[in-house]
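Undergrad: pasted the sequence and its predicted model underneath.
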Amino acid sequence: MKKQYFINANIIDPHNSINENGGLIIGEGGKIEAIGKKVNTNNLPTREKPTDLKGKYIFPGIVDMRVFVGEPGYEYKENFRTLSNAALSGGVTSVVTMPNTDPIIDNVSIVDFLKRRGRDKSKINIFPCASLTQNTDGTNMTEFGLLAKKGIIAFTDGVKTIQNTRLMSRIMNSAKDLGCLVMQHAEDYDLAKNGMINSGIIATKLGLSSIPDIAERIIIERDLTLLEKTKCRYHISQLSAGKSVDIIKERKQNVKFTCGVSINNLSLNENDIGDFRTFLKLSPPLRREEDREALVQGLKDKTIDVIVSDHKPEDEESKRLTFAQAATGASGIETLLSLSLELFHNGSVKLETIIQALTSNPAKILNINKGNLSIGNDADFCIVDINKPWIVKKENLISKSKNTSIEDKKLQGKVTNTFVKGMELFKI
Amino acid sequence: MAIKTNKAIKISKKHLLGIQDLSVNDINYILDESEAFIKLNQSKNKKIDVLRGKTQINLFFEPSTRTQSSFELAGKRLGADVMSMNMGNSAIKKGETLIDTAMTLNAMHPDIIVIRHQDSGACNLLSQKVNCVVLNAGDGRREHPTQALLDALTIRNRKKKIQGLKIAICGDILHSRVARSNIYLLTMLGAEVNIVAPSNLMPKEIEKFGVNTFTDMKKGLKDCDIVMMLRLQNERMTSSYLSSNREYYEYYGLTPDKLDHAKSDALIMHPGPMNRGIEIDTRLADDINKSVIKEQVELGVAVRMACLKIFCE
């Protein structure tokens, strides 16, 4: 690989507190050699022809902590190849994949298969999660230690929640002993039973069973109470309710833990469901506008650490059904960054805070050396035209499944180039 | 018998999916048109030919006695060819989706599909996929528009007006599409609506529809002109909403002592089928001076004839 030079870019790298106009040099091995304002035409050898980015932005490659891939078992929804192409178009260079496949990622033998497939078919960095319990049935723990040795960086039951308090307490003990990260999808099953959307006037009007926000709060409060005793690495996958943000803000003063939010819950509310739009059947559900505003505020004041896409590809047949029968989830990895930038363009959140929640924060929680532009590291980054307007069209999506929650939405800001280990793998 | 039509007025919607979609004019138009059919249904020759040559398919995914037979009779009396499909024996059982069933039927060029489905919004989905008119005969817990229209016609016939009346809707509101459609219609036409239910069967934020809510039935019935009872939908109850039927009857069953709190000339309504001794005292249900339950069924045919005619034109 030839050495590459970029100049005149706005570089934001929250990990290294870089937020300045400058350049980037990538060495022949695909590693970052130099970065920042020192890299400019005055310091470059005259024989080299640098790429002038004319004020476009350079961000570290996005680390998406919540992604569903259909492999193994649901390859018709998404496989590693289609996922990585979709991710690259959105500036995502590392993903954490959920274990809810068929079979479930719950034992050492399947991890080898996953790593091999991930390596052979994917161009981005794949970090698979394993389940907390065998077959995600919420009764017996998986082998955290052995799985971690095989390269599993986090444990979660993905779309499911550990309901049994005693088991949760034991999971935390084991995770503490072995230094493993536990990620919880917070939802009390009994309160959420058969629920599809937020409790309130929309659910009453549409005649749909609902999921009250306390279903989230009860699990969060239970887990944080357990965590006070057993201080393991603990992360709440996604928040959806304003009340949850208040609790987390308060509890973070005493206990160490982290939490995330889906870009869907930051950008949409329950009114968007309109006339039974099944693409907006999500978990956790979209809630009131006040909840959305509280989540944005939580991101702004750093109560919320991470933004995820909650990318859940579903084929057309799973969505062309009545709301009750339709599958849950939306495809979102391609639009994660552009939709996040909406919060910057409308003045809600600082750009650096958004990028931090997409890059250095998830990397830090996961304890991986990604999401930064440190010298000597893999050159995983994206170049972004932060003002470029575009419209989300189903037919233009790269993911195998087209179930976007924001069809026809006008966005501002688009990834123009994505690099992994110094190789340009996406370009428009 | 000649049927007068008011040609000047047109319905604002293509499909009848819910009362929510209708305007006050639409509702009054349907009720006015229904009047003529009441007389037709009482006469010796009940058949006319306004829908001759039209095909009506009744697509019932949930068991139904009165609504299905009412729609079937309505279509036949208007001269349409009516086919009622028992979905229990259909390809749905073999794994076909609602949309595929709809597309199959659509290819046979029906003019009207009447659908009842256990999922809220099923009729909306169907209406997006077929070329013909869709009439909703009940979807999940969302809407049952023809039931609300026939209730309104019954009230209007007896009380000569709806505006200004005080109407109590009591019972299992949470699972009831009849309650929702009636709330929309009655508030639109200017009635004051009281909702009476235990908290476990009261939908969230229902008061935002402009109704008063009560957990005490006696307070909710005070000075009401109409007491509308709903069926306890045990088949939709997945977990413990109530302790027992006998306690429910004690607190929320319509009994003479509770009815005493309503006006002395108050009418009792029930969309059927009734659980006698659970939500209503059997003597009250059959009290010919107070109960209009049979009249509701009778006018149901007239209302459905009006809907078929109006939406099919």
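TA: Right, received. Where do you want to start?
Undergrad: for chain A, what is the nearest residue in the stretch 101-250 of chain B?
TA: Proximity of the stretch 101-250 of chain B to chain A (Cβ to the nearest Cβ) peaks at B:R142, 3.1 Å away. Where you see a C-beta, it was placed from the backbone N, CA and C, and this is true even at glycine.
Undergrad: pLDDT below threshold where in the stretch 201-313 of chain B?
TA: B:236-239 (pLDDT under 70).
Undergrad: now the helices for it?
TA: For the stretch 201-313 of chain B, helices defined by DSSP state H, counting those that start in this stretch occupy the ranges B:217-221, B:245-252, B:256-259, B:282-285, B:293-312.
Undergrad: the stretch 301-428 of chain A now?
TA: Secondary structure of the stretch 301-428 of chain A (DSSP H, counting those that start in this stretch): helices at A:316-319, A:336-345, A:351-358, A:360-366.
Undergrad: just the CA trace of stretch A:310-325, in PDB.
TA: Only the C-alpha atoms of stretch A:310-325 are listed here, as PDB (Å, rounded to 0.1, in the frame of the first residue of the first chain):
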ATOM      1  CA  ASP A 310     -29.800  -1.100  16.800                       C
ATOM      2  CA  HIS A 311     -29.500  -2.300  13.200                       C
ATOM      3  CA  LYS A 312     -32.000  -5.100  12.900                       C
ATOM      4  CA  PRO A 313     -32.500  -6.200   9.300                       C
ATOM      5  CA  GLU A 314     -35.900  -7.800   8.600                       C
ATOM      6  CA  ASP A 315     -37.000  -9.000   5.200                       C
ATOM      7  CA  GLU A 316     -40.200  -7.600   3.500                       C
ATOM      8  CA  GLU A 317     -42.200 -10.700   4.400                       C
ATOM      9  CA  SER A 318     -41.600 -10.200   8.100                       C
ATOM     10  CA  LYS A 319     -43.000  -6.600   7.900                       C
ATOM     11  CA  ARG A 320     -45.900  -7.000   5.400                       C
ATOM     12  CA  LEU A 321     -48.100  -8.200   8.100                       C
ATOM     13  CA  THR A 322     -50.500  -6.700  10.700                       C
ATOM     14  CA  PHE A 323     -48.700  -4.700  13.400                       C
ATOM     15  CA  ALA A 324     -49.200  -7.500  15.900                       C
ATOM     16  CA  GLN A 325     -47.700 -10.100  13.600                       C
END
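Undergrad: any idea what sits nearest the residue of the stretch 101-250 of chain B closest to chain A, other than its immediate chain neighbours?
TA: A:G207 (3.1 Å; Cβ to Cβ, 6 or more residues apart in numbering or on different chains).
Undergrad: that neighbour contacts B:R141, doesn't it?
TA: Yes. Contact status for A:G207 versus B:R141: in contact at 3.9 Å, counting by Cβ atoms under 8 Å.
Undergrad: next, show the common contact partners of the two.
TA: B:S120, B:R177, B:R180 (Cβ atoms under 8 Å, 6 or more residues apart in numbering or on different chains).
Undergrad: which one of the residues in the stretch 201-350 of chain A is closest to chain B?
TA: Closest point on the stretch 201-350 of chain A to chain B, by Cβ to the nearest Cβ, is A:G207, at 3.1 Å.
Undergrad: what residues does the stretch 151-300 of chain B put near chain A?
TA: B:R177, B:R180, B:P203, B:K204, B:E205, B:I206, B:K208, B:F209, B:T238, B:S239 (Cβ under 8 Å from any Cβ of the partner chain).
Undergrad: who wins for neighbours among those residues?
TA: Among these, B:R180 has the most neighbours (other Cβ atoms under 10 Å in any protein chain shown), with 28 neighbours.
Undergrad: show me the contacts for it.
TA: So B:R180 contacts A:T204, A:K205, A:G207, B:R141, B:R142, B:E143, B:H144 (Cβ under 8 Å, 6+ apart).
Undergrad: switch to 6 Å and redo it
TA: The neighbours of B:R180, taking Cβ atoms under 6 Å, 6 or more residues apart in numbering or on different chains as the test, are B:E143.
Undergrad: what about the helices in chain A?
TA: Counting by DSSP state H, chain A has helices at residues A:80-89, A:108-121, A:144-149, A:165-178, A:189-192, A:201-206, A:214-229, A:242-251, A:263-267, A:289-300, A:316-319, A:336-345, A:351-358, A:360-366.
Undergrad: format those as CSV; extra columns: mean neighbour count and mean pLDDT.
TA: Below are the helices of chain A laid out as CSV (neighbours: other Cβ atoms under 10 Å in any protein chain shown; pLDDT from 0 to 100):
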stretch, mean neighbour count, mean pLDDT
helix A:80-89, 24, 97
helix A:108-121, 15, 91
helix A:144-149, 17, 97
helix A:165-178, 17, 98
helix A:189-192, 16, 95
helix A:201-206, 22, 96
helix A:214-229, 19, 98
helix A:242-251, 18, 97
helix A:263-267, 25, 98
helix A:289-300, 19, 98
helix A:316-319, 16, 90
helix A:336-345, 22, 98
helix A:351-358, 23, 98
helix A:360-366, 23, 98
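Undergrad: which one of those helices lies closest to B:M188?
TA: With Cβ to Cβ as the criterion, B:M188 lies closest to helix A:201-206 of the helices of chain A, at 14.5 Å.
Undergrad: that closest one: how far from the chain's middle?
TA: 30 Å (Cα atoms, centre = their mean, to the nearest Å).
Undergrad: repeat for stretch B:104-116
TA: How far stretch B:104-116 lies from its chain's middle: 21 Å, per Cα atoms, centre = their mean.
Undergrad: likewise stretch A:191-208?
TA: 26 Å.
Undergrad: export it as CSV, just CAs?
TA: Extracted in CSV, the C-alpha atoms of stretch A:191-208 (Å, rounded to 0.1, in the frame of the first residue of the first chain):
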residue,chain,number,x,y,z
LEU,A,191,-45.2,-5.6,32.4
ALA,A,192,-44.4,-5.6,28.7
LYS,A,193,-46.3,-8.8,27.9
ASN,A,194,-47.7,-8.7,24.4
GLY,A,195,-46.8,-5.0,24.2
MET,A,196,-45.9,-3.4,20.9
ILE,A,197,-45.7,0.3,21.4
ASN,A,198,-45.6,2.9,24.2
SER,A,199,-48.4,3.1,26.7
GLY,A,200,-50.6,6.1,26.1
ILE,A,201,-53.1,7.7,23.8
ILE,A,202,-51.5,6.4,20.6
ALA,A,203,-51.7,2.8,21.9
THR,A,204,-55.3,3.4,23.0
LYS,A,205,-56.2,4.9,19.7
LEU,A,206,-54.6,2.2,17.6
GLY,A,207,-55.9,-0.5,19.9
LEU,A,208,-52.5,-2.0,20.4
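Undergrad: hmm, who's touching stretch B:244-263?
TA: B:217-218, B:221-225, B:227, B:229, B:242, B:278-281, B:284.
Undergrad: right, I mislabeled it, should have said stretch A:419-428
TA: A:1, A:26, A:30, A:88-89, A:93, A:123-124, A:378-381, A:416-418.
Undergrad: got the buried residues for that stretch?
TA: Neighbour-count burial for stretch A:419-428 flags A:F419, A:V420, A:K421, A:G422, A:L425, A:F426 (criterion: 16 or more other Cβ atoms under 10 Å in any protein chain shown).
Undergrad: okay, which residue is most central for the chain?
TA: The chain I'm using is chain A. A:V308 (2.5 Å; Cα atoms, centre = their mean).
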